[in-house]
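Undergrad: Following is a predicted model, sequence given first.
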Amino acid sequence: MLKRVLIGLMAIAAVGFGVFWWLTIPAHVAAVAMPAYQANVANGQTMFNAGGCSSCHAVPDQPDRLKLGGGLAIPSPFGTFYAPNVSPDPNDGIGRWSEADFVTAVAKGTSPSGAHYYPAFPYTSYQRAKIEDVRDLFAYLKTLPAVQGRARDHDMPFPFNIRRALGIWKLLFLDGKPFTPDPSQSASWNRGAYLVNGFGHCAECHSPRNFLGGIIAAQRFAGGPNPEGEGWVPNITQKGSLAEWSVKDIAYFLKTGELPEGDKASGSMGRVIRNTSQLSPQDQHAMAEYLKSLPPVEGPPRPKRKIEQDGK
Amino acid sequence: MKRVLLAAAVLAVGATTVVAQQEVAIQQQNLMKAQARSMYGVLGKMVKGDTPFDKAAADGALKALADDVAKIPTVFATNPKEGVKDATFGASQKIWQNKADFDAKVPAVTKAIGDAKVTDAASLKVAFDAVQAKCDSCHDTYRVKLK
């Protein structure tokens, strides 16, 4: 009798594991699925600047934003991530990657060896990018200097260190849909919406997240506690201080980091500005136009200000 | 009776500490806001082209800025352990965890202001960007967005 029960339980466990395995198979983009294409390096550079790749992947504490050796620590409620080397170095960077490997990484969040990336790499936004733009970005990255050295491994405690489980997270939060333009809006607005929601990945920091670390869709762009620690990420819908900013103010901010009230962005946003400042005035204006059109959404309530001793 | 008095005394001391902390935070904020007025209220407006270039006003703002910057290490000597009520920005606790490093960033700002050779709008822009870069190098670590 006991033996039967045991066999039964084992069978259920095996089936359960099989279902889990099947549900969490990392998605790939096959090279054969991509038509022949002549990459546009200049457009790749634009995508690099819109995406702010160097905000996380540049070697920290040195001035060259094109040295993509990684190593920046990105704290989160789940553990600390360390940005990897994405320079063209063949051993430590992405020098040996195929174009399909790169498209798979950016659009599907799957590594060349077939593992899930953590969504600290914002593929939930990058999946909206046009495949041509991703291919151009790859061509541009290839022109940057190779940097030796690998970043240390992520510091994730159990159970967040089980990468396979991210397959379930992806089922919940990665819909695989490309960007769809709104024909009732201008070309400039649509360009802005594409840059903000795609490579720009603004919502990744400017939205509150649920206990699983997924963006709370109803409060997209409405700000929230800074996942990296102290402070608050502002609401950038028309409910926040952006209600008093003009489109021109927002565009000027993306160019210089200066706020209309006589101040300047610093910290993570300072790093973002070092990238958006390189965009064309048309793209800065397009992003501003789209952001200014975001309907007002109430963000999460702010806790009463107390200093949290982080014990460091 | 004694107990009530003691409790009242403790409460009173507690209340003064709270006020004092808020006062320290406000003093720190006022110092930074004074710098913002020199930087953006005067110099930034000329750089942006909102107001015409005015050498005397620019020199005056740079002088005021240098004076205020020199006060940073002393005004930030005490940790108020709280932000100014309803403030948009605040001081990171990291300042008092690494006070020596924080203080060590000040001379670079002073130097950038001292090196400014402002004769016209173009040279002002160069000086403005150089000074701002030094402000950033401290703000990136030690300033916190609060809303």
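TA: Arrived safely, thanks for sending.
Undergrad: just so I have it, where are all the helices in chain B?
TA: B:2-36, B:45-48, B:55-70, B:72-75, B:94-97, B:99-104, B:106-114, B:121-142 (DSSP state H).
Undergrad: just for the stretch 101-250 of chain A, where's the confidence low?
TA: For the stretch 101-250 of chain A, applying pLDDT under 70 flags no range at all.
Undergrad: And the residue of it closest to chain B?
TA: Across the stretch 101-250 of chain A, the shortest distance to chain B (Cβ to the nearest Cβ) belongs to A:G231, at 3.8 Å. From N, CA and C alone the C-beta is placed, and that goes for glycine too.
Undergrad: Identify the residues contacting that residue.
TA: With contact set as Cβ atoms under 8 Å, 6 or more residues apart in numbering or on different chains, A:G231 has these partners: A:P225, A:G267, B:G90, B:S92, B:V144, B:K145, B:L146.
Undergrad: hang on, the earlier thing: how about a markdown table for the helices of chain B, with mean pLDDT, mean neighbour count and distance to chain A added?
TA: Putting those into a markdown table (pLDDT from 0 to 100; neighbours: other Cβ atoms under 10 Å in any protein chain shown; distance: least, Cβ to the nearest Cβ, whole Å) gives the following:
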| stretch | mean pLDDT | mean neighbour count | distance to chain A |
| --- | --- | --- | --- |
| helix B:2-36 | 77 | 13 | 5 |
| helix B:45-48 | 92 | 18 | 8 |
| helix B:55-70 | 97 | 17 | 12 |
| helix B:72-75 | 96 | 15 | 15 |
| helix B:94-97 | 96 | 16 | 7 |
| helix B:99-104 | 96 | 14 | 12 |
| helix B:106-114 | 96 | 16 | 14 |
| helix B:121-142 | 94 | 17 | 3 |
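Undergrad: Those: which one's closest to A:E258?
TA: helix B:45-48 (8.0 Å; Cβ to Cβ).
Undergrad: which non-adjacent residue is nearest A:A30?
TA: Counting by Cβ to Cβ, 6 or more residues apart in numbering or on different chains, A:A30 lies nearest to A:A100, which is 6.3 Å off, once chain neighbours are set aside.
Undergrad: Return the residues in contact with the most centrally placed residue in chain B.
TA: The centroid of chain B falls nearest to B:M32 when counting by Cα atoms, centre = their mean (2.3 Å). B:M32 makes contacts with B:F89, as judged by Cβ under 8 Å, 6+ apart.
Undergrad: For the stretch 151-300 of chain A, what lies in contact range of chain B?
TA: A:223, A:226, A:230-234, A:241, A:252, A:258, A:262-264, A:266-267, A:269-271 (Cβ under 8 Å from any Cβ of the partner chain).
Undergrad: Please list the members of those that lie in helices.
TA: Checking these against DSSP H, those in helices are A:Y252, A:G267, A:M269, A:G270, A:R271.
Undergrad: Tell me which of these has the lowest pLDDT.
TA: Ranked by pLDDT, those bottom out at A:G267, which has 86.
Undergrad: Might one say that that residue is in contact with B:D140?
TA: Yes: between A:G267 and B:D140 there is a contact under Cβ atoms under 8 Å: 5.5 Å.
Undergrad: Now list whatever residues contact both of the two.
TA: Joint contacts of A:G267 and B:D140 (Cβ under 8 Å, 6+ apart) do not exist.
Undergrad: Could you chop chain A up by domain?
TA: As recorded under automatic domain parsing, the domains making up chain A are A:27-178, A:182-300.
Undergrad: Serialize those to TSV and add fields for distance to A:R4.
TA: TSV is the format used below for the domains of chain A (distance: least, Cβ to Cβ, whole Å):
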stretch	distance to A:R4
domain A:27-178	31
domain A:182-300	38
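Undergrad: check contacts around the most centrally placed residue in chain A.
TA: Nearest to the geometric centre of chain A sits A:P122, at 2.0 Å (Cα atoms, centre = their mean). Residues counted as contacts of A:P122 (Cβ under 8 Å, 6+ apart) are A:H201, A:E204.
Undergrad: for A:A107, same thing?
TA: A:V29, A:Y123, A:Y126, A:Q127, A:A129, A:I131, A:V134.
Undergrad: what are the ranges of the strands in the stretch 151-300 of chain A?
TA: Using DSSP state E, counting those that start in this stretch, the strands of the stretch 151-300 of chain A run over A:224-225, A:232-233, A:258-259, A:263-264.
Undergrad: what's the second one packed up against?
TA: Where contact means 3 or more Cβ pairs under 8 Å, 6 or more residues apart in numbering or on different chains; DSSP states H and E, strand A:232-233 is packed against strand A:224-225.
Undergrad: repeat that with 10 Å
TA: The contact analysis (3 or more Cβ pairs under 10 Å, 6 or more residues apart in numbering or on different chains; DSSP states H and E) places strand A:232-233 against strand A:224-225, strand B:143-145.
Undergrad: need those in CSV with distance to B:P107 and mean neighbour count, can you?
TA: As requested, these are exported to CSV (distance: least, Cβ to Cβ, whole Å; neighbours: other Cβ atoms under 10 Å in any protein chain shown):
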stretch, distance to B:P107, mean neighbour count
strand A:224-225, 34, 18
strand B:143-145, 18, 21
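Undergrad: Tabulate the ones you listed (CSV), appending distance to A:G51.
TA: CSV is the format used below for these (distance: least, Cβ to Cβ, whole Å):
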stretch, distance to A:G51
strand A:224-225, 22
strand B:143-145, 22
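Undergrad: Take the helices of chain B and lay them out in a markdown table including distance to A:L23.
TA: Shown next, in a markdown table, are the helices of chain B (distance: least, Cβ to Cβ, whole Å):
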| stretch | distance to A:L23 |
| --- | --- |
| helix B:2-36 | 51 |
| helix B:45-48 | 54 |
| helix B:55-70 | 58 |
| helix B:72-75 | 55 |
| helix B:94-97 | 42 |
| helix B:99-104 | 48 |
| helix B:106-114 | 54 |
| helix B:121-142 | 41 |
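Undergrad: picking that back up, can you say which of the residues of the stretch 151-300 of chain A next to chain B are buried?
TA: Neighbour-count burial (16 or more other Cβ atoms under 10 Å in any protein chain shown) applied to these gives A:223, A:226, A:230-234, A:252, A:258, A:263-264, A:266-267, A:269-271.
Undergrad: Just the closest of those to A:Y37, please.
TA: A:R271 (31.0 Å).
Undergrad: what's the distance between the closest one and B:D136?
TA: A:R271 is 10 Å from B:D136, where distance means Cβ to Cβ, to the nearest Å.
Undergrad: next one: A:I273
TA: 10 Å.
Undergrad: shared neighbours of these two, which are they?
TA: A:G257, A:K264, A:A265, A:S266 (Cβ atoms under 10 Å, 6 or more residues apart in numbering or on different chains).
Undergrad: overlap in contacts of A:R271 and B:D136?
TA: A:G257, A:A265.
Undergrad: can I get the strands of the stretch 151-300 of chain A in CSV with distance to A:Y140?
TA: Below are the strands of the stretch 151-300 of chain A laid out as CSV (distance: least, Cβ to Cβ, whole Å):
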stretch, distance to A:Y140
strand A:224-225, 32
strand A:232-233, 28
strand A:258-259, 28
strand A:263-264, 28
